[in-house]
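Chemist: show me how the following folds:
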Amino acid sequence: MEYNLADLWERVVDTVPDREAIICGDRRLTYTAADERANRLAHFLESKGVGAGDHVALYLTNGTEYLEGMLAAFKLRAVPVNVNYRYVEEELRYLLDDADVKAVVYHRTYEPTLAAVLGDLPDVQTLVVVEDDCDPTDTALDPIEYAAALASASAERGFAPRSADDLYILYTGGTTGMPKGVMWRAEDVFFGALATLVTPPIERPEEIAERALEGRTRCLPACPFMHGTAHWMALSTLYSGGTVVISPERSFDPAHLWELVAREKVNFLVIVGDAFARPLVESIEHLDPSVDLSQCSVVLSGGAILSPSVKALFVEKLPSTLVIDGYGSSESGGQGQSVTVAGSEVSSVPRFAVNAETTVLDENLQIAAPGVVGKLARRSGTTRIRRRRRRRSPRSTASAGRSRGTTPASTTTG
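Modeler: Got it, this is the predicted structure:
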């Protein structure tokens, strides 16, 4: 067995088949049920010619279908591509073209925008639509409905052998210039970004079964799966044998989110910065007294720094909760964190403890002296960032792979 993302998932499924894996609204999927749905989608895509190295765009809001789409692609040795559903036509056209997308799984809501750009994208051959509250549009698109695609395909596995070298790609949000696909080997992204909750690190891929038996994390990624922070933490939860709770709400409602946390006994809430944190913490005092948040032991923010005042409010309102500010990059995974607990002093400036693989380099890429402002770098599992064009890979890429050295990295995730 190798450190392949589909192989690792299937080993967890076989270890805890009846445990709840994914919850979204009325849909509650055990590991077996989630695996069967991913198998069906994979076989359907395979029947349409999607195979190893092909790219499958996920143009979706949060739901079980998003994680099923990622797992289905991994099973085929294909590559899921995250799509920002807020993109306008020009941005969407650019990303789907740059990523050489062959199939698109999308929510009906986004059909008009997708229809407007597909004429310029002849490589897109397969469309799968997830129904929502929107009616079918008057377009020339001829998608198959998601439920029908699953019903038409086998729930069995039966896939070809896979490799630790299979690709995982995360498209960044284009902080500088247009969005770029960050390419990782499957093994490297597992240890660099997806094994957050598998601690201590496993020494052999088979050991993931033992960790899954102990998994009790109930994680609610409140931020969109189209960003790395959310789907990294969701996949980390699944690889540790935990349960991913997904809000069925299309918009952010702090009170509804807290009610979901209480109802599903969520112990790990994932957010992004003050935009989530401030409304959440300010809504606590207005909740019904029966909304019990005592089991929410961790609130993690990734991709945007929390302000000191918000962290102080959080630990005041939820004194048994750890508030963690995490940082890292799409090319390196998590690199450090700042932890705030009740009774601790909240610094007026961000202060982070780096992990064992992170250091600071000076302008000559040497270890920086104390007090010197430099570049964050991470060793092991990352390689020099490079731009390159290659068949069946994004035409604009930043790549992350194995290296003996260190990699300067930006400090935003997703």
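Chemist: which ones are touching residue 43?
Modeler: Residues near residue 43 by CB atoms under 8 Å, 6 or more residues apart in numbering: 153-154, 158. Every C-beta, even on glycine, is put in place using the N, C-alpha and C of the backbone.
Chemist: residues of whichever helix in the chain runs longest that come out buried?
Modeler: Longest helix in the chain by number of residues (criterion: DSSP state H): helix 31-47. Neighbour counts over helix 31-47 (16 or more other CB atoms under 10 Å) mark 31-46 as buried.
Chemist: going along the chain, name the helices of the stretch 51-200 of the chain.
Modeler: 64-76, 89-98, 111-117, 146-151, 186-189 (DSSP state H, counting those that start in this stretch).
Chemist: in terms of secondary structure, what does the third one contact?
Modeler: When contacts are defined as 3 or more CB pairs under 8 Å, 6 or more residues apart in numbering; DSSP states H and E, helix 111-117 sits against helix 89-98.
Chemist: what lies in contact with the helix it packs on?
Modeler: So helix 89-98 is contacted by 57, 59, 81, 83-84, 87, 104, 113-114, 116-117, 120-121, 124, 171, 178-179, 181, 394-396 (CB under 8 Å, 6+ apart).
Chemist: do stretch 201-212 as well
Modeler: Stretch 201-212 is contacted by residues 1-4, 7-8, 11-12, 14-16, 191, 195, 198, 239-241 when judged by CB under 8 Å, 6+ apart.
Chemist: residues touching the closest residue to residue 151 other than its chain neighbours, list them.
Modeler: In space, and not counting its chain neighbours, residue 151 is closest to residue 40: 7.7 Å by CB to CB, 6 or more residues apart in numbering. The contact partners of residue 40, by CB under 8 Å, 6+ apart, come to 149-151, 153-155.
Chemist: the helix or strand that contains residue 262: which residues count as buried?
Modeler: Assigned by DSSP states H and E, residue 262 belongs to helix 254-263. Within helix 254-263, the residues that count as buried by 16+ other CB under 10 Å are 254, 257-262.
Chemist: mind pulling the model confidence for the spatially most central residue of the chain?
Modeler: Against the mean C-alpha coordinate of the chain, by CA atoms, centre = their mean, the closest residue is residue 231 at 1.5 Å. What the model reports for residue 231 is a pLDDT of 94.
Chemist: verify the stated contact: it with residue 69.
Modeler: No - using CB atoms under 8 Å, residue 231 is not in contact with residue 69, being 10.4 Å away.
Chemist: contacts for stretch 6-24?
Modeler: 1, 28-35, 62-64, 67, 71, 74-75, 77, 157, 159, 162, 190, 205-206, 208-209, 212-213, 215, 238-239, 241, 243-248, 264.
Chemist: do the same with stretch 134-147
Modeler: 41, 44, 65, 105-109, 111-112, 114-115, 118, 127-131.
Chemist: OK, contacts around residue 313?
Modeler: So residue 313 contacts 281-282 (CB under 8 Å, 6+ apart).
Chemist: check which residues of the helix or strand encompassing it are buried.
Modeler: In the assignment (DSSP H and E), residue 313 maps to helix 308-317. Neighbour counts over helix 308-317 (16+ other CB under 10 Å) mark 310-315, 317 as buried.
Chemist: appreciated, that's everything.
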